[in-house]
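Participant: Got a sequence here, can you model it:
(3 chains)
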Amino acid sequence: MEETKPYSKEQFLNAEKEMSKLVLESMKKYETKPNVIFAKLEEVTKALSKGLVEWSRVRSLWPLQFGLSCCAMELMDFGSARIDAERRGYLFFRATPRQADVMVVAGWVTKSMVPEIKRLYEQMLSPKYVIAYGECATCGGPWWESYNIIKGIDQVLPVDVYVVGCPPKPENLYAGFIKLQKKISGEIED
Amino acid sequence: MVKLKIDRKDIAKMAEELKTKGYSYLVKITAVDYEKTLEVIYIFRDMRGNKEETLEVELDPADAWVPTLIGEFGAADWYEREMSEMFGIEIKGRNAERLLLEKWNGKAAPLRKNFTWNAPYETSD
Amino acid sequence: MTTRINIGPVHPSTHGVLRLVAEIDGDTVVNLEPHIGFLHRGVEKLVETRMYMQSPPYMEKLDYIAPMSYDEAYVATVEKAMGVEVKERAMWVRTVLLELQRIASHLLWLGTMANDVGQFFTVFMWCFKDRDLVLRLLQEASGARMFYVNMRIGGLIRDLPPGFEDRAREVLDYLDKQVKTYADFLERNPIFMERMKGVGVMSKEMAVDLGVTGPVLRGSGISYDVRKDNPYYVYEKLNFQTQVRSEGDCFARYRVRMLELRESIRLVRDALAKMPAGDAIGMPVKLILPNAKNRIVSVSRELPRGECMMYMVADPQKPYRLAIRSPTFINLAALRHISRGCRTADIFAILGSLDVVMGDCDR
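Facilitator: Below is the predicted model of the structure:
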């Protein structure tokens, strides 16, 4: 496997900014003269909706169903009837990455699986977050000395929240999600 | 457990004999790496009377090949593939592709005793 | 003219990371090849670097749906290598815990298989709620919800807590009614019946030739169960029957597992009633070093998925080579042969009925 540096958030955000600049420039010749009243209305609704969008983004994080191994059993328990994940907005797990916000990496990651994970992460639309669930995704876990395992998912992806345990109880994942919500809305520093 | 030590040219014949005697369930094909020799082990079981028979074949690590059993036992398919990639033993008579270590380039055989844990190998992307 | 479709390592049917490359002509499957190895961590090599009783956490993470069964198979191998006999009461307690583990495993199988076939999350939610009750019982006996590590050489880490039998009986009575409800619910659904009957037929000769074991073999008409043919612990003193069906299709395998669920509930009740009093605690791990006398040992056990055989070449302090015959590895190799000629949507019904756990397959 060639040695690539892990992707960082800045790289993704910069790519988006450049794309939007290009699009705006190409649309300049289609501009019409602005009307003042509608311009003011536009400013006001933009300010309100920005707050609304951020408020609703924090409260409805849709996880990607990415259970690899034993921690996936606790992930399924997290979504089922005892600890209902849907009541806080983590609606049921999406199988397609294009509609998901959070990627919960549950299980150990082998060297054969790394290109697949990278591809899935790139297919998710930003803003996106990663939770490393369990010991194996945090640091390699009990398979630290194996010849086929990478030592933690943060060698490949940028991780926001680590949930530790082997396997962590589903209540711990619940606490991890709440921490992620606080981190997104800015209450906790990085 | 009845154990028989045989030579590698007799494997196919012994397997057929055992199959006609009723040992129709191939439990495992595996190998053990003693430093000077490699020993390949075939375990057969008779389901009705619960009898078990083991065939052991000793190989020289420099000249390691065994003939395939895929004609008589369909279960030998994946067992042989896994054993050949883990120990570096060649299977004559079929093209045994890699099963568990598909993306490894090179010929590293992990379950040998001289496999260095940080051996250089590459995975194809 | 065939199209090649890649059913990639990450797909919504919750069976773990398995890659299927299917060649399809219209809607019928011409060839199906499983590619595995996405969860391979080299357990057989790692175990050679540890002393005997440092390895049970590795063995439990092989089959992570029924972890105690692999742990028990490994500890039984070590006991045979050391020449140590298991205590009387410990045998009964181990049997009870193993059968409870089998109930939990079959409940999870039912939930995820019904998920694939069309009961979108209904039966899944019910089964997980019931599985939680059984896991709570196991947590009382051993201390953890999922990875127990409570087997010691010659016994267990601690005996069953007082009052366990009454609580277990409540849970088992409740489960008895629930299992009948699920069977009724699923079998009155015409979609379920049509998707399972006649799909993925495995004939008797094919089953013996491919070397499959467990409910897959018993669904094809051959009655082979390690608990009856090569009995271990106290299975000779308990009366139960092996369930066999002769059609060989997905519905037969489903039926075998449902009946096994009911048999396990009966077994646990029986064993709890007949258990003798005594001492069930095994060797403390940190005070006594293991010392193995026999050189080559092998042990067979009946896991919820099939037969597991451990073949060990034993050094005095650590294993020289441990070969694990995992049931899922060879059950999955049969997928290619029984899915010829079926439709694309039937692949997942067959995969669900084979009960695949990729951690066990890749080791």
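Participant: CA atoms of the helix ranked longest in chain A as CSV?
Facilitator: Ordering each helix of chain A by length in residues (DSSP state H) puts helix A:36-59 first. This file holds the C-alpha atoms of helix A:36-59, laid out as CSV (Å, rounded to 0.1, in the frame of the first residue of the first chain):
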residue,chain,number,x,y,z
VAL,A,36,-33.7,46.8,-3.3
ILE,A,37,-36.7,45.4,-1.3
PHE,A,38,-36.1,41.9,-2.5
ALA,A,39,-32.4,42.3,-1.6
LYS,A,40,-33.2,43.2,2.0
LEU,A,41,-35.7,40.4,2.2
GLU,A,42,-33.0,38.0,0.9
GLU,A,43,-30.6,39.1,3.6
VAL,A,44,-33.1,38.7,6.4
THR,A,45,-34.2,35.2,5.3
LYS,A,46,-30.6,34.1,4.8
ALA,A,47,-29.7,35.1,8.3
LEU,A,48,-32.7,33.3,9.8
SER,A,49,-32.3,30.2,7.7
LYS,A,50,-28.6,29.9,8.4
GLY,A,51,-29.4,29.6,12.1
LEU,A,52,-32.3,27.3,11.3
VAL,A,53,-30.1,25.1,9.1
GLU,A,54,-27.4,24.8,11.7
TRP,A,55,-30.0,24.1,14.4
SER,A,56,-31.6,21.3,12.4
ARG,A,57,-28.3,19.9,11.2
VAL,A,58,-27.2,19.3,14.8
ARG,A,59,-30.4,17.6,15.7
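Participant: In it, which residues are buried?
Facilitator: Buried positions in helix A:36-59, judged by neighbour count with 16 or more other CB atoms under 10 Å in any protein chain shown: residue A:58. C-beta: built from backbone N, CA, C; applies to glycine.
Participant: what's the helix or strand following that helix packed up against?
Facilitator: Toward the C-terminus, helix A:36-59 is succeeded by strand A:63-64 as the next helix or strand (DSSP states H and E). When contacts are defined as 3 or more CB pairs under 8 Å, 6 or more residues apart in numbering or on different chains; DSSP states H and E, strand A:63-64 packs onto strand A:102-106.
Participant: does the strand it packs on come close to chain C?
Facilitator: No. Strand A:102-106 lies out of reach of chain C by CB under 8 Å from any CB of the partner chain, never closer than 10.8 Å.
Participant: list the helices and strands that strand packs on?
Facilitator: Contact here means 3+ CB pairs under 8 Å, 6+ apart; on that basis strand A:102-106 packs against strand A:63-64, helix A:70-79, helix A:114-123, strand A:129-133, helix A:170-184.
Participant: can you give me how far the last one is from the chain middle?
Facilitator: Helix A:170-184 has its average C-alpha position 13 Å from the chain's average C-alpha position, going by CA atoms, centre = their mean, to the nearest Å.
Participant: That helix vs chain C: in contact?
Facilitator: No. Helix A:170-184 does not reach chain C (CB under 8 Å from any CB); its nearest approach is 9.5 Å.
Participant: For the closest residue to residue B:73 other than its chain neighbours, pull up the helix or strand it's in.
Facilitator: In this structure, residue B:73 finds its nearest non-sequential neighbour in residue B:26, 4.5 Å apart by CB to CB, 6 or more residues apart in numbering or on different chains. Here residue B:26 sits within strand B:25-33, counting by DSSP H and E.
Participant: quick one: strands adjacent to that strand?
Facilitator: strand B:38-46 (antiparallel) (DSSP bridges).
Participant: And the partner strand, what's buried?
Facilitator: For strand B:38-46, by 16+ other CB under 10 Å, it's B:38-45.
Participant: same deal with stretch A:99-112?
Facilitator: Of the residues in stretch A:99-112, A:100-112 count as buried by neighbour count, 16+ other CB under 10 Å.
Participant: One more: stretch C:203-213?
Facilitator: Buried residues in stretch C:203-213 (16+ other CB under 10 Å): C:206-213.
Participant: Could you do stretch C:83-100 as well?
Facilitator: Using 16+ other CB under 10 Å as the test for burial, stretch C:83-100 gives C:84, C:86-87, C:89-100.
Participant: anything in the host helix or strand of residue C:4 near chain A?
Facilitator: Using DSSP H and E, residue C:4 falls within strand C:3-7. No. For strand C:3-7, no contact with chain A is found by CB under 8 Å from any CB; the gap never falls below 11.3 Å.
Participant: Strand partners (parallel or antiparallel) of that strand?
Facilitator: strand C:19-25 (antiparallel).
Participant: mind listing what residue 37 touches?
Facilitator: Went with chain A since none was named. Counting by CB atoms under 8 Å, 6 or more residues apart in numbering or on different chains, residue A:37 touches no other residue.
Participant: not what I meant, chain C
Facilitator: Counting by CB under 8 Å, 6+ apart, residue C:37 makes contact with A:110, A:112, B:99-103, C:362.
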